[in-house]
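Engineer: Generate a structure from the sequence data that follows.
(one chain, ligands or ions: 1)
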Amino acid sequence: METTIHIERLCKSYGAVRAVEHLGFTVRRGEVFGLLGANGAGKSTAIECILGTKSYDSGAVSVLGMDPLKDRKRLFERVGVQFQEAKYQDKIKVAELCGMTRALYRNPADYRSLLQRFGLSDKAASLVSELSGGERQRLFIVLALIPNPEVVFLDELTTGLDARARRDVWQCLSELKTGGLTILLTSHFMDEVEALCDHLMIMKKGKTVFYGTVREAITSSPCESLEDAYLWYTDEEVTGRADLQSIV
Ligand SMILES: Nc1ncnc2c1ncn2[C@@H]1O[C@H](COP(=O)(O)OP(=O)(O)OP(=O)(O)O)[C@@H](O)[C@H]1O
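Structural biologist: This next block holds a predicted model:
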């Protein structure tokens with residue numbers, strides 16, 4: 001299968017803080033890849049380096065065969081990004097914002113059908129500022145999909161969504177994946193990672209502590225669920241003990 005994202009030994013520091021250290025992974029076309037880790041682990045920094053919105057200190061990044069730092073404009077046409085805390089003017093309506101986003105791309109998707117898919121059809125005439133947290137979150141996913149992207153970056157995908165809305169978003173993304181969309185997501189919910197991700201990477205203080213499938217994440221730990229395994233990989237004390245064991 002075609003490689004969509006390829007990262008090699010990516011490093012990025014902010015002064016003395018090593019935010020990302022020797023990160024490396026590959027995401028193939030049509031795969032869902034989960035980048036996991038506690039707050040401050042380095043996920044956002046890694047994503048920004050991959051998108052070319054942040055420069056990195058060393059390593060190599062390729063997205064759809066392009067170097068994001070050199071080919072940002074060309075890449076922009078083929079990539080979708082869900083922004084966490086995007087600022088929009090207060091008085092803009094949902095349909096206007098979708099229309100403005102649409103105008104930025106050569107081959108945009110039909111935003112009305114995306115709004116329908118994500119349960120927002122009846123909100124097209126509402127002000128963005130009047131949407132509930134969950135509705136706004138779904139709108140941000142719609143905006144990320146308007147470019148008709150080949151790869152989409154979704155940051156904290158379903159934070160703030162109720163149980164039904166989360167399931168619906170998972171369903172929509174699974175359908176898009178079947179259609180060949182490549183998805184890189186971050187999430188703090190292990191049920192979501194289990195439902196969606198083909199491969200995952202767990203980061204801890206900029207370093208990789210696990211890279212593989214959901215099944216491998218569980219079987220390479222002493223745990224029986226992904227949530228327990230995730231806590232085991234990221235927990236200071238327990239991982240410390242595991243390191244000691246492997247040295248002994
Ligand atoms: N602009 C910056 N200047 C200095 N330090 C930064 C900057 N951005 C991030 N950091 C630091 O780099 C580290 C990684 O942060 P990053 O935002 O990439 O983590 P994250 O995994 O995305 O966290 P979260 O889950 O909270 O979004 C943290 O220690 C953070 O404090």
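Engineer: What separation do you get for the closest residue to R29 other than its chain neighbours and the ligand?
Structural biologist: Nearest non-adjacent residue to R29, counting by Cβ to Cβ, 6 or more residues apart in numbering: E2, 4.3 Å away. Using the backbone N, CA and C atoms, a C-beta is placed for each residue, glycine as well. Using Cβ to the nearest ligand atom, to the nearest Å, one obtains 27 Å as the distance from E2 to the ligand.
Engineer: In this model E31 seems to touch E2, though I could be wrong.
Structural biologist: No: at 10.2 Å, E2 and E31 do not qualify as touching, with contact defined as Cβ atoms under 8 Å.
Engineer: Of the two, which one has the most company?
Structural biologist: Applying other Cβ atoms under 10 Å to E2 and E31 shows that E31 carries more neighbours, namely 20 against 11.
Engineer: Pretty sure the more buried one sits against I5.
Structural biologist: No: using Cβ under 8 Å, E31 makes no contact with I5, being 9.1 Å away.
Engineer: anything in contact with each of the two?
Structural biologist: Common contact partners of E31 and I5 (Cβ atoms under 8 Å, 6 or more residues apart in numbering): T182.
Engineer: Check which helices and strands the longest helix along the chain sits against.
Structural biologist: Using DSSP state H, we find that the single longest helix of the chain is helix 163-178. If contacts are counted by 3 or more Cβ pairs under 8 Å, 6 or more residues apart in numbering; DSSP states H and E, helix 163-178 sits against helix 133-145, strand 182-186, helix 190-196.
Engineer: residues near the closest residue to C172 other than its chain neighbours, how many?
Structural biologist: With sequence-adjacent residues excluded and distances taken as Cβ to Cβ, 6+ apart, C172 is closest to R117, at 5.4 Å. Each residue near R117 was counted by other Cβ under 10 Å, and the total is 19.
Engineer: roughly how far apart are the residue nearest in space to the middle of the chain and A60?
Structural biologist: For the chain, L185 is the residue whose C-alpha lies nearest the centre (Cα atoms, centre = their mean; 2.1 Å). Remark: distance between L185 and A60 (Cβ to Cβ, to the nearest Å) = 22 Å.
Engineer: Provide a complete list of residue ranges assigned to strands in this structure.
Structural biologist: Using DSSP state E, the strands found in the chain span residues 3-14, 17-28, 32-37, 58-63, 79-82, 151-154, 182-186, 199-204, 207-212.
Engineer: List the strands paired with the last one, with their directions.
Structural biologist: Strand partners for strand 207-212, identified by DSSP bridges, are recorded as strand 199-204 (antiparallel).
Engineer: Averaged pLDDT, the partner strand. What do you get?
Structural biologist: Averaging pLDDT along strand 199-204 gives 97.
Engineer: Touching it from outside, list them.
Structural biologist: 20, 23, 25, 27, 31, 33-38, 41-43, 46, 193, 208-214, 217, 230, 233-234, 239.
Engineer: if we go to 6 Å?
Structural biologist: 25, 33-37, 41-42, 193, 208-211, 213, 233-234 (Cβ atoms under 6 Å, 6 or more residues apart in numbering).
Engineer: Go back to the residues you listed and keep what's next to the ligand.
Structural biologist: For the ligand, the contacts drawn from those by Cβ under 6 Å from any ligand atom are 37, 41-42.
Engineer: All good on my end, thank you.
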